[in-house]
Structures are given as structure tokens and as C-alpha cells.
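Engineer: need coordinates for the following:
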Amino acid sequence: MNPQLRSCMPTRQPRQLRLWMLVGGAVGVLLVWSPEALSAQPAAVIAEQDVFQNDGQNVPGRPNQNSTPPGGQTPLGGPGPVGAQPAFATTEWKASGLPRLNLKRRPNILFVLADDLGYAELGCYGQQKIKTPHLDRLASQGMRFTQHYAGSPVCAPSRCVLMTGKHTGHAAIRDNREMKQLPEQIAKQYGIEPEFSGQQPLPDEEITLAELLKKAGYVTACIGKWGLGQFGTSGDPNRQGFDLFYGYNCQRHAHSYYPAYLWENGRKVPLANDPPVPGHAKLPPGADPNDPASYRPFQGKDYAPDRMLRRAEQFIRDNKDRPFFLFYTTPLVHLALHIPEEDLKAYLGLWPETPFTGNGYTPHPTPRAAYAAMVSRLDRDVGRLLALLEELDLEKDTIVFFSSDNGTTHLPKEVDAAFFQSVGPLRGLKGSLYEGGIRVPLIVRWPGQIPPGTISEHISAFWDILPTVAELLGLDPPAGIDGISFAPTLLGRPEEQKKHEYLYWEIESYGGQLALRMGCWKGVMQGLHSKGGGLGAAGFGSRLELYNLENDIGEKQDVSAQHPDLVRKMRELIHQAHTPNPLFRMIPLDPE
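Structural biologist: Residues are numbered from 1 along each chain as shown. This next block holds a predicted model:
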């Protein structure tokens, strides 16, 4: 082992994070390094013109690919709820690599993915101002991870990483990238407005977690926000393994919680918002920012999360007797600050407020109270789903995951992350590859299998989710992924747990950034697309910031000058971790 790596392997958690986590009732974190290397293979490079498919034409090898056109039927042949599924596996199930499990049926999977929820915005992660009793209880019933990372510091690539098991050096989607224009045929067929053309579609050849589970006999649903390709493209959620999609397809559409409609597969479902509330606006000239009446145009009637929650509950009830995968991708707590008045009341008057008058997302007179209420509303909705599992006697038959796609948003007039200490002692917010932008909560519960009230120090990331679920269900994960299953950790067998040699992230936007974690060492590179940025021999060492997370969890002391060998090693690993993708170029790594 490299002596520098050995010297930073701690026997106790960094003091800054240890003191913070004790507030939430947690124990210390052990940062561990292991020499096992990743066996990653490059992702296929897809040209933009390949992502648009002829709707109605099946691609060989992919089940249920056709979205529902307006007025048509669901992929399962009916206009209503997800219909009957084929009988489950004909062979007796036995979890691969986990022979000691003795289960009568394959468990359901409920994965709740919050949007822009910070590392320390739950009570069980140290939050003091915002109440989250249901998620705190979930943590007490399962395992809470303290060193889990999102796939990216922004939405779409993070979700792509989770779905495909590939980090952003190999993933097909590596940044938020809106489609400027859909083909006219697709836009016309589905009635898609130009402003909601969606994001860069996930290529057809990517194998998603939903496809893996669908092939194994699971009925699958994504309810919430998708952001990986509009209907009629290769990224259409119905073409990526989901029998049911309900919610927002386009991320921009999801900026309003009071829209004109949501989608159920390829059909628009009207909402009673007339007119709909925009996601972006400001108070009109002359409006009094201290008069509540000035904000009434931004208060809708039909709240999208209400609709999503009811649809999720219906899906669970309809499929209680068969294995299901529900990917519940709630838009909460992403901006805009849209929250029903009843939810807001609990936080009104608690803290000083400065009205947000707009010039970003929509205005709100009490942004602190609104944001806190949105977090508590997220918690309440999760509580509703958990209560339904209990009511239907599905608790022991359902593995529940909860996480967030990236850190707290970086717009302080709307979300006061400093006031709420949203990321605790961590540096950075959404869009940043410092810890606060990518370290996220992860809670996993499986009664009778995962020891309750446990805290894991295992270092993991979104690309580990797919192989973890696969191992828990006795399935073979796709070849060429970057993830390592943490099923042994979940099941109380840490001695069997394999570990990453390193974790890697890259993002083209926010100036161009790279990050690599290797044991307790974290390398960060910023401004790679600015003048003078680069990975060449002349500038690499001086531009890579190096932090020892064991004693500097806030990433305040750059020690790259003291460890040139580590900087050199990280340079080698960065080149090893990155494969070119012409749609998301990292200029320093990808030659012209």
C-alpha cells in the first residue's frame, strides 16, 4: 500500500463532521481505502441523431418500448392502472452470493429520490430547524450511510448514473443538457411544447435498473421527475424499462408545482390550475413585496406532488400481490418555492424573513418558511408511502431506499443553506464537486434482513445501486458497469464487502470540474474550461487541489504541494476513469 494512503486511514471520524453528526445522534465515520480496482469499461458513444426512434417501431431486445400516444393505450394494453404481469420466475429464487437469505418471494423495491435535498437537511443527519420525523424513523429502522455520494452535482447525470451503474467518466449522460428542438413528428404526436423539449435522451443500448428488474418479472413504475429523454426518443421512460411513468418528463416543466398537466406515459393528464403557475417569474412593477396579496398569482390549486403521491399509492395497491419496483422521484425540494398554505403554517413566524421578489424562480414572501415546509412535506409524503406498506403487510417484503440526487441548491435568496446548515460542515452546494455538492443521505430499510438503527461508514455512490439491488435479488448485473454491490454491508457482513479503489466525477458545466476520491484523499479540479485550465504536464499539478478528508472534511486546506506523488497518481487515475463522449466534452481530457 502507498505509505501516504496508509498514513491517512483514520481510527476516528474527522472532528468537524463527528461533532456535527453527534447532534443527530450518530456515531463516527471511518474512512477506509482498499486496493481493489474498478473493472470499468468505456461507455458506447452515441451521436445525437441516434436518440430519436420511429415511435411505434420496436427495437429488438427491448420489451414494452412504445410510449402511449395521445388517446392510445398503455404499454400493457389498457388505459388505466398497470395491468397483469407475467408469472414470476419458474425457478426457485436464491440470492446470488448471499446463500443465507431464506425468503419466500423476491422483495419489492421502493426507491425514493429527493431533488436537491442537502446532506444535513434531515433530523437523522443533524438538522435542527426542519422537522423530518418519518425519515428519522426510517433511519432508526434500517441503515443510514454517512459516506454516500450522488452520481453528479446536478440532476440528469446523477439519475443516469443511478439507473445505469456507470460513473460520469463512462456514463452516457454527463451533464444537464436540454434539447433545443424535438423532431416535428414527435412534438406534434405528443403535443410537446417547445419549452418542454426535455433533456438529452438516454441511449437505447444503455441497460437500466428498470430494464433489469422488468426482465426478472417485476412490474415497474417511475413516478415524479424523469429528465432523461422525452416521449418518442430513446430516453422515453417506457422504452427504458418502466411500465408506468407518471409526472414530469422535462426538468424545466418540473420547475412549477402547479402546472397545467402531468404525463401518464404518453398522455397528458390535466390539472386544475387555471392558469398554471410559472416556475420562473418576478413581482410586477409597483407590487408591494410586503403585501401577501402580491404573491397570490403564484399560489395554485392542484399541487403536483399530491397527484404523484396518490398515483404511487394506487400503483402499490394495484401490485401488492406481485414484485414491484417503484422509483419515486419526487420534485421536492427543488425550486420554485411552491408549497400549499396548510403545509406552510407550521413554519410561519419562526424566523426573520426577507421576501424573495423573483428574478430567478417564482417569488415568495417567506422563503425560509417555504423551504422548511417543502422538506417537511417531502418527509410527510414518504411517511404516507411507508404507512401504506404497513397497511398492506408489505413492510418485510419491501426494500426501501431513500436518497437525494445532489446537494442543496446554490441560490441563497431562495434557499438559505447557511441558515439551515443544509450541508453541515461540508464545502460546496449543488453544481460543485466539493463534498456539499455530491455527498448525500442514503437510508435503506429491509425489516428482518438489515439490522435496524445501524450506521454504515462504507464509502459508496449512485453507481453502486444497480449492482446492489441485483445482488439482493439474485440477478446478474450488466457487464461493463463501474458499481460495486454493497449488499454485504446491508446484510451485516462487512468482512465480505469489496471496496472501490477510487470514486470519480466529472461535469462539463460550472466551469468544468473533476473530482476523485481515493481513501481519505480527495482531489478536485475547477475551471477546466477557463483560460489556463487543463490536465497537461505544464499545469496539472498546480491545478489539482488535494484534501485529506480525515482531518479536513470542509476541504479548506489544499495540501497538493506536500504530496506530489499522490497528485501524480490521481492524474493517472483521472485519465483511466474518463472515456470521451462527444456530447459532453471535457476539453482538457478530450483532444480536438
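Engineer: so who does the closest residue to residue 283 other than its chain neighbours touch?
Structural biologist: The spatially closest residue to residue 283, leaving aside those adjacent along the chain, is residue 357, at 4.6 Å (C-beta to C-beta, 6 or more residues apart in numbering). The way it works is simple: take the backbone N, C-alpha and C, and place the C-beta from them, glycine included. Counting by C-beta atoms under 8 Å, 6 or more residues apart in numbering, residue 357 touches 282, 283, 287, 289, 363.
Engineer: now render these as TSV, adding secondary structure and neighbour count.
Structural biologist: TSV is the format used below for these (DSSP: H, G, I helix; E, B strand; the rest coil; neighbours: other C-beta atoms under 10 Å):
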residue	secondary structure	neighbour count
282	strand	14
283	coil	21
287	coil	16
289	coil	14
363	coil	24
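Engineer: what sits against residue 377?
Structural biologist: 305, 332, 339, 340, 343.
Engineer: in helices, which of those appear?
Structural biologist: With helices taken from DSSP state H, the overlap with these comprises 305, 343.
Engineer: nearest to residue 439, out of the contacts of residue 377: which one, please.
Structural biologist: Of all the contacts of residue 377, residue 439 sits closest to residue 332, with 19.6 Å by C-beta to C-beta.
Engineer: for the nearest residue to that closest one once chain neighbours are set aside, the count of nearby residues, please.
Structural biologist: Spatial nearest neighbour of residue 332, chain neighbours left out: residue 378 (4.1 Å); criterion: C-beta to C-beta, 6+ apart. Neighbours of residue 378 under the rule other C-beta atoms under 10 Å: 27.
Engineer: got the confidence number for the nearest residue to residue 379 once chain neighbours are set aside?
Structural biologist: Of all residues not flanking residue 379 in the chain, residue 132 sits nearest, at 4.1 Å (C-beta to C-beta, 6+ apart). pLDDT, residue 132: 98.
Engineer: which positions within stretch 350-370 qualify as buried?
Structural biologist: Residues of stretch 350-370 classed as buried: 353, 355-358, 360-370 (neighbour count, 16 or more other C-beta atoms under 10 Å).
Engineer: an error on my part: the question was meant for stretch 580-592.
Structural biologist: Counting neighbours by 16+ other C-beta under 10 Å, stretch 580-592 gives 581, 583, 584, 585, 586, 588, 589 as buried.
Engineer: how much space is there between the residue nearest to residue 379 and residue 323?
Structural biologist: 29 Å (C-beta to C-beta, to the nearest Å).
Engineer: swap in residue 557?
Structural biologist: Counting by C-beta to C-beta - residue 557 and residue 323 are separated by 49 Å.
Engineer: which one of those two is surrounded by more residues?
Structural biologist: With neighbours defined as other C-beta under 10 Å, residue 557 and residue 323 compare such that residue 323 has more, 23 against 12.
Engineer: you'd agree the more buried one is up against residue 105?
Structural biologist: Yes: at 6.8 Å, residue 323 counts as touching residue 105 under the criterion of C-beta atoms under 8 Å.
Engineer: may I have the phi/psi pair for residue 569?
Structural biologist: Backbone torsions for residue 569, taken as degrees, to the nearest 10, come to phi -60, psi -40.
Engineer: ignore the last one, residue 524
Structural biologist: Per degrees, to the nearest 10, the backbone of residue 524 is at phi -130, psi 140.
Engineer: same check on residue 445?
Structural biologist: phi -130, psi 130.
Engineer: and if you look at residue 109?
Structural biologist: phi -120, psi 120.
Engineer: pretty sure it contacts residue 401?
Structural biologist: Yes: Residue 109 lies in contact with residue 401 (C-beta under 8 Å); the separation is 7.4 Å.
Engineer: low pLDDT regions in the stretch 51-200 of the chain?
Structural biologist: 51-102 (pLDDT under 70).
Engineer: now the helices: where do they sit in it?
Structural biologist: Taking DSSP state H, counting those that start in this stretch to define them, one finds helices in the stretch 51-200 of the chain at 133-141, 155-164, 184-190.
Engineer: buried ones in the shortest one, by neighbour count?
Structural biologist: Within helix 184-190, the residues that count as buried by 16+ other C-beta under 10 Å are 186, 187, 189, 190.
Engineer: and of the residues you listed, the nearest to residue 265?
Structural biologist: residue 190 (10.2 Å).
Engineer: quick check: the closest one touching residue 233?
Structural biologist: No: Residue 190 lies out of contact with residue 233 (C-beta under 8 Å); the separation is 10.4 Å.
Engineer: any idea of the mean pLDDT for stretch 206-219?
Structural biologist: Average pLDDT, stretch 206-219: 98.
Engineer: that one: how far from the chain's middle?
Structural biologist: 18 Å (C-alpha atoms, centre = their mean, to the nearest Å).
Engineer: can I get that stretch as PDB, trimmed to CA atoms?
Structural biologist: Output of stretch 206-219 as PDB, limited to C-alpha atoms (Å, rounded to 0.1, in the frame of the first residue of the first chain):
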ATOM      1  CA  GLU A 206     -27.900   1.500 -22.000                       C
ATOM      2  CA  ILE A 207     -29.300  -1.100 -19.700                       C
ATOM      3  CA  THR A 208     -31.200   0.500 -16.800                       C
ATOM      4  CA  LEU A 209     -32.100  -0.800 -13.400                       C
ATOM      5  CA  ALA A 210     -35.700  -0.800 -14.500                       C
ATOM      6  CA  GLU A 211     -35.000  -3.000 -17.500                       C
ATOM      7  CA  LEU A 212     -33.100  -5.400 -15.400                       C
ATOM      8  CA  LEU A 213     -36.000  -5.800 -12.900                       C
ATOM      9  CA  LYS A 214     -38.600  -5.900 -15.600                       C
ATOM     10  CA  LYS A 215     -36.800  -8.700 -17.300                       C
ATOM     11  CA  ALA A 216     -36.900 -10.500 -13.900                       C
ATOM     12  CA  GLY A 217     -40.600 -10.300 -13.700                       C
ATOM     13  CA  TYR A 218     -41.100  -7.000 -11.800                       C
ATOM     14  CA  VAL A 219     -43.800  -4.500 -12.600                       C
END
